[in-house]
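Peer 1: Sequence below, structure please.
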Amino acid sequence: MNPLNPLRPVLLTAAGLVENVTNVTQVVLDTAVINVAEGTGDLAVVCFAAGTIILTSKGPRRIEDLRPGDQALTRDNGFQPIRWIGHRLIDHDVMVANPHLRPIRIKADALGANCPSADLIVSPQHRILVRSAIAERMFGAAEVLVAAKQLLELPGVESASDMDEVDYFHILFDRHEIVLSNGTEAESLFTGEQALKSVGKQALEEIFLILPELRDESYVPVSARSLPTGRQARRLVSRHARNGKPIVTSPMVQEALV
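Peer 2: The predicted model follows:
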């Protein structure tokens, strides 16, 4: 396997993941066409790791068990159908060649009380919702989305150096959403230019079939919350670390679990 190609060919079917697919394959799954091919995608993955629990209309479910059409609970728009799911395996060789792909582990309670409720493992670029008075003072909004790699100054947030490989999953909705993952609010796949480049050309064509408006040159994606720059995010996290303040207060009400 080419260590610079993090996408090992897999086929996502209704029965699950089938590996070692050598040719482009199409499978129609409700609202998505899943195409799989080698040689697609760059290295700026924005994903949840396998094992992440997503809150859905059928209760908590592992992300690897979700399928397009499943309804996931979102912060702003209630239950919304998942339109597309992407998967890529970052194996040992790829991890060694590209250490920036090593996932971030956010330990239970690291961000606040019961946040996350269990260790959450995400890609370094995956944005987590911060909700605090410090954020409001800095940005004029109490809630902002911050990449996991910018949280490393916090106790309980670390590079997952013990992991030799990781299965990463993207989930896409009609719009940028915030979902509940291991009790922590985190983003879905954002349809900004850089984010879309991360899924690869073949996957991008699949997404265009589902959301054709993304082809329009005048299309401007709207993020679910403000996206501070890396420098701004690090300043925000540093202030929380110095003051011993949690970066998540008043967590999302999990009415579906009551």
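
Peer 1: What is the burial count for Arg231?
Peer 2: Using other C-beta atoms under 10 Å, Arg231 has 9 neighbouring residues. C-betas here are computed from N, CA, C, even on glycine.

Peer 1: Ok, Arg137 next?
Peer 2: Neighbours of Arg137 (other C-beta under 10 Å): 11.

Peer 1: Now do the helix or strand hosting it: which elements does it pack against?
Peer 2: In this assignment (DSSP states H and E), Arg137 forms part of helix 133-139. Helix 133-139 makes packing contacts with helix 230-243 when contacts are defined by 3 or more C-beta pairs under 8 Å, 6 or more residues apart in numbering; DSSP states H and E.

Peer 1: remind me which residues of the stretch 101-250 of the chain are low pLDDT?
Peer 2: Residue ranges of the stretch 101-250 of the chain with pLDDT under 70: 195, 197-200.

Peer 1: the strands in it, which residues?
Peer 2: Using DSSP state E, counting those that start in this stretch, the strands of the stretch 101-250 of the chain run over 104-106, 120-122, 127-131, 143-147, 157-159, 166-172, 178-181, 184-187.

Peer 1: Show me the contact partners of the fourth one.
Peer 2: If you take C-beta atoms under 8 Å, 6 or more residues apart in numbering as the criterion, strand 143-147 is touched by 124-131, 135, 178, 187, 223-228, 230, 233, 236-237, 247.

Peer 1: what about the helices in this protein?
Peer 2: 92-97, 133-139, 193-197, 201-210, 230-243 (DSSP state H).

Peer 1: on that earlier part again, and the helix holding Arg137, what's buried?
Peer 2: 134-135, 138-139 (16 or more other C-beta atoms under 10 Å).

Peer 1: Look up phi and psi at the closest residue to Met163 other than its chain neighbours.
Peer 2: Spatial nearest neighbour of Met163, chain neighbours left out: Pro103 (6.2 Å); criterion: C-beta to C-beta, 6 or more residues apart in numbering. Dihedral pair for Pro103: phi -70, psi 160, per degrees, to the nearest 10.

Peer 1: Number the residues from 820 up from this point.
Peer 2: That works, and once the first residue is 820, the last one we named lands at Pro922.

Peer 1: does Arg907 have beta-bridge partners, and which?
Peer 2: As for beta bridges, Arg907 partners with Tyr987 under DSSP bridges.

Peer 1: Please name the residues that touch the residue most central in space within the chain.
Peer 2: Geometric centre of the chain, nearest residue: Cys866, 3.4 Å, by C-alpha atoms, centre = their mean. Cys866 sits next to 905, 907, 941-942, 945, 987-989 when contact means C-beta under 8 Å, 6+ apart.

Peer 1: for Pro922, same thing?
Peer 2: 868, 940-943, 978-979, 982, 985, 987.

Peer 1: State the distance from it to Arg907.
Peer 2: Noted for Pro922: a distance of 12 Å to Arg907, by C-beta to C-beta, to the nearest Å.

Peer 1: list the contacts for Ile990?
Peer 2: 867, 873, 882, 885, 891, 901, 903-904, 998, 1007-1008.

Peer 1: ok, and the most crowded of these?
Peer 2: When neighbours are taken as other C-beta under 10 Å, the top entry among the contacts of Ile990 is Phe867 (28 neighbours).

Peer 1: For that residue, give the beta-bridge partners.
Peer 2: Going by DSSP bridges, Phe867 forms beta bridges with Val941, Phe988.
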